[in-house]
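>>> let's see this in three dimensions:
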Amino acid sequence: MTPLDAGKLWRPAAGFVLGCAAVAVLTWIAFALHLALGVVSLLYIVLIVLMSMTGDVVSSVVLAVLTAMCLDYFFAEPLFSLTIDDPDDVVRVIAFVATALIVANLVRRARRLGAAAALRDQLQLIVDTIPAVVWSNLPDGSAEFLNQRFRDYSGLTAGAGQGSAWMNILHPEDRSALDWDAALAAGEPFENEARLRSAGGEYRRFLLRFAPLRDPQGHIVRWYASGTDIEDLKRAEEELRRQEAHLREAQAELAHANRVTTAGQLAASIGHEVAQPVAAAVTNANAALRWLAAEPPDLEEVRQALERILRDGRRASDIIGRIRAFVRKEPPRQDRFDLNAMIVEVIALTRAELRRNGVSPRTRLAAGLPPVAGDRVLLQQVLLNLILNAVDAMSGAEEETRDLLISTEQDEAGGALVAVRDSGPGLSPESLGRLFDAFYTTKTAGMGMGLSICRSIVEAHGGQVWAGPNEPRGAAFQFTLPREKETVE
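Residues are numbered from 1 along each chain as shown. Here you go, the predicted structure:
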């Protein structure tokens, strides 16, 4: 049993006990004072009225019967005899019981009305506090009730807002565009957006929702409606659409600029990568001319020079084709080759440049490296870029310190790790984070494309490239390539 249920039981019981005590005290006083029967009857009636104001019908009736018995036993002749055998006795009992019933029922009714009024006031407070305009309409659409928020917004009073007056605050365009009569006649919940005029004359957009209330027979007895102010939301949506339109325009402009930049990067990439084989072809062409001018011409040397020119021309063509394919996001070729052998080939291609700059190349190539799958020409360009960068970095150093070490080893993931270490001046801390950005360079005549291309090529092959200091001096550029099985699908 809950405390609330217990309270409902003991309160009537306590009232009944108190009533019995009051009857006993009043009977004793009246008997001691020898009051007349009529006076005692009146006192009993007053007591019955007071005790019936508890609203408990059963207790009130029992107390009424009890007072009638006391009146008959102690005050009606013959005294001390409980006999209800004449009309007066019956009338007294009926009067006492009727008084108890009437007063108790009146009290109960008053309490119900009071509770209903309190509930109505509470509901009115809730409806007026709801952050929306709320009103009710009769089946024909005329307003019956407007909540306080609606009245404050529209400036309508409770009386002036009834009937069709609420329709006057609708924007004329919305009033004509929305078929309110048809929506109400359909008898189904509906919603619409409409502009409502405020008390200050400003129109704001509202989302209006209507729902019918039906009686047991299914007939609509009332419509309940609410309106939510969506003006700020609509303005935010419109602003968002404007911003999205601006964003689309900006994206289109950015895409155009990106295409222009990509074209420039492509041109810069081709120019940077083709410069070496073209320079080699020019050198070989000059050598061929010298051998032809000799007396007698050394045709064998000319033939070898022409073969080298042909090789360099093919290499330049391959580089252009591979870079164009790379810019078009085509997947790299998956040639299977020996990484150490490829490194030896690249060193042979740069032998003349190394000798001219007094650089002593050393290799430390690990035996048993797993085969690498990828585009051999593009990966050669990566290594060639790193070697030529190292040569440029050491061009200003003392001749005896120009040391270049190219090494390979197996990394922790089972792939290959290639490192190019020089003994040049090293890298500044502020340049480490930008070395691989396009068009960033530390050279006075550099284009800033070589390392960016290297990173793109290595990452396209599933590897990583990074730079750091070399001990005891210089810089170290390293990149990884995964095992063949990880790059071949």
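
>>> show me what T363 is bridged to.
Counting by DSSP bridges, T363 forms beta bridges with I406.

>>> what count of nearby residues applies to it?
Burial of T363 is recorded as 13 neighbouring residues (other CB atoms under 10 Å). For the C-beta atoms, the positions are set from N, CA and C on the backbone; glycine is no exception.

>>> what of the one 10 residues further on?
Other residues near A373 number 22, with proximity taken as other CB under 10 Å.

>>> and it, helix, strand or coil?
Local secondary structure at A373 is given as strand here, using DSSP: H, G, I helix; E, B strand; the rest coil.

>>> that one contacts L379, doesn't it?
No: no contact is recorded between A373 and L379 when judged using CB atoms under 8 Å, the distance being 10.4 Å.

>>> hang on, W135 in a strand?
Yes: counting by three-state DSSP, W135 is located in a strand.

>>> what about the nearest residue to it once chain neighbours are set aside, distance to T54?
Nearest-residue entry for W135: L146, 4.7 Å, with adjacent residues in sequence omitted and distances by CB to CB, 6 or more residues apart in numbering. Taking CB to CB, to the nearest Å as the measure, L146 falls 41 Å from T54.

>>> between the two, who's got more neighbours?
The neighbour comparison of L146 against T54 (other CB under 10 Å) goes to L146, with 26 against 21.

>>> pLDDT at that one, what is it?
Note for L146: predicted pLDDT of 81.

>>> in stretch 298-310, what's buried?
Neighbour counts over stretch 298-310 (16 or more other CB atoms under 10 Å) mark D298, V302, A305, R308, I309 as buried.

>>> which of those lies closest to Q478?
In terms of CB to CB, no member of the buried residues of stretch 298-310 lies closer to Q478 than R308, at 31.4 Å.

>>> what about that closest one, which SS state?
Classification of R308 using three-state DSSP returns helix.

>>> that one and A280 touch, don't they?
Yes: at 7.3 Å, R308 counts as touching A280 under the criterion of CB under 8 Å.

>>> run through the residues that contact F190.
A183, R209, F210 (CB atoms under 8 Å, 6 or more residues apart in numbering).

>>> and the gap between it and R311?
Between F190 and R311 the distance, using CB to CB, works out to 82 Å.

>>> quick one, what contacts A22?
Residues in contact with A22, defined by CB under 8 Å, 6+ apart, are L47, L50, M51.

>>> one more time with 6 Å, if that's ok
For A22, the residues meeting the contact criterion (CB atoms under 6 Å, 6 or more residues apart in numbering) are L47.

>>> and the next helix or strand past the strand or helix carrying it?
When secondary structure is defined using DSSP states H and E, the element that contains A22 is helix 3-32. Heading C-terminal from helix 3-32, the first helix or strand you meet, by DSSP H and E, is helix 37-52.

>>> which strands and helices sit next to that following helix?
Secondary-structure packing of helix 37-52 (3 or more CB pairs under 6 Å, 6 or more residues apart in numbering; DSSP states H and E): helix 3-32, helix 57-70, helix 87-129.

>>> to Q243, which of these lies closest?
Proximity of those to Q243 was assessed by CB to CB; the nearest stretch is helix 87-129, lying at 35.7 Å.

>>> helices of the stretch 101-250 of the chain, residue ranges please.
When assigned using DSSP state H, counting those that start in this stretch, the helices of the stretch 101-250 of the chain occupy the ranges 148-154, 172-177, 180-186, 231-293.

>>> quick one: average confidence on the longest one?
It stands for helix 231-293. 71.

>>> longest strand anywhere in this structure?
Among the segments of the chain that qualify as a strand by DSSP state E, the longest is strand 203-214.

>>> okay, angle between it and strand 133-137 too, please.
For the pair strand 203-214 and strand 133-137, the angle between their directions (axes from the mean of the first three to the mean of the last three CA atoms, to 10 degrees) equals 40 degrees.

>>> deepest of the helices and strands packed on helix 37-52, which one?
Ranked by average neighbour count under the criterion mean count of other CB atoms under 10 Å, the helices and strands packed on helix 37-52 are headed by helix 57-70 at a mean of 21.

>>> quick one: that helix to chain centroid distance?
The offset between the C-alpha centroid of helix 57-70 and the centroid of the whole chain comes to 71 Å, using CA atoms, centre = their mean, to the nearest Å.

>>> packing partners of that helix?
Taking 3+ CB pairs under 6 Å, 6+ apart as contact, the helices and strands that helix 57-70 lies on are helix 3-32, helix 37-52, helix 87-129.

>>> got those as JSON lines, with mean pLDDT and distance to S164 columns?
Shown next, in JSON lines, are these (pLDDT from 0 to 100; distance: least, CB to CB, whole Å):
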{"stretch": "helix 3-32", "mean pLDDT": "71", "distance to S164": "48"}
{"stretch": "helix 37-52", "mean pLDDT": "78", "distance to S164": "50"}
{"stretch": "helix 87-129", "mean pLDDT": "74", "distance to S164": "21"}
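
>>> can you lay out those as a markdown table showing distance to A287?
A markdown table is the format used below for these (distance: least, CB to CB, whole Å):
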| stretch | distance to A287 |
| --- | --- |
| helix 3-32 | 112 |
| helix 37-52 | 133 |
| helix 87-129 | 97 |
